[in-house]
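1. Have a look at this fold, sequence not included:
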């Protein structure tokens, strides 16, 4: 499983380099490094994109959130709501706890007819930020 994941992230990184999508190439590349621990590729990414950042953990979280959103949106758009929900629920807790991901999950629960769970998530999101137009 991890080998397929590694290969997929690597190929998506390379593809986005070819089509001149540097942000996507970098973020998919970071996900490849997370699952493969390929520090040579990480160094290559840093040199290729001349990225400056404060925190390694923050850039990894941003990369993971990017991929979760893309895959969730794909599954959701294909009507694979249970797969989308399960995908999110199998992410690291730090990713699941992020507002953006909780919003996606709440929407998924709503469409699955799990209204009490959706309501609880939306209420928690609104309590944290009453100006959140997505909650």
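-> Great, that's in hand. These numbers come from a predicted model, not from an experiment. Residues are numbered from 1 along each chain as shown.

2. ok now do the nearest residue to residue 66 once chain neighbours are set aside, which residues does it touch?
-> The shortest distance from residue 66 to any residue other than its chain neighbours is 4.4 Å, reached at residue 27 (Cβ to Cβ, 6 or more residues apart in numbering). To be clear about C-beta, it is placed using only N, CA and C from the backbone, and glycine gets the same treatment. Contact analysis of residue 27 by Cβ atoms under 8 Å, 6 or more residues apart in numbering lists 62-63, 66-67.

3. All the helices of this protein, residue numbers only.
-> Along the chain, the segments classed as helices by DSSP state H run 2-18, 22-36, 39-49, 56-77, 81-89, 93-96, 99-111, 115-128.

4. Just name the most buried of the ones you listed.
-> Comparing the helices of the chain by mean neighbour count (mean count of other Cβ atoms under 10 Å), helix 22-36 ranks first with a mean of 20.

5. and it with helix 39-49, angle?
-> Helix 22-36 and helix 39-49 are oriented at 170 degrees to each other (axes from the mean of the first three to the mean of the last three Cα atoms, to 10 degrees).
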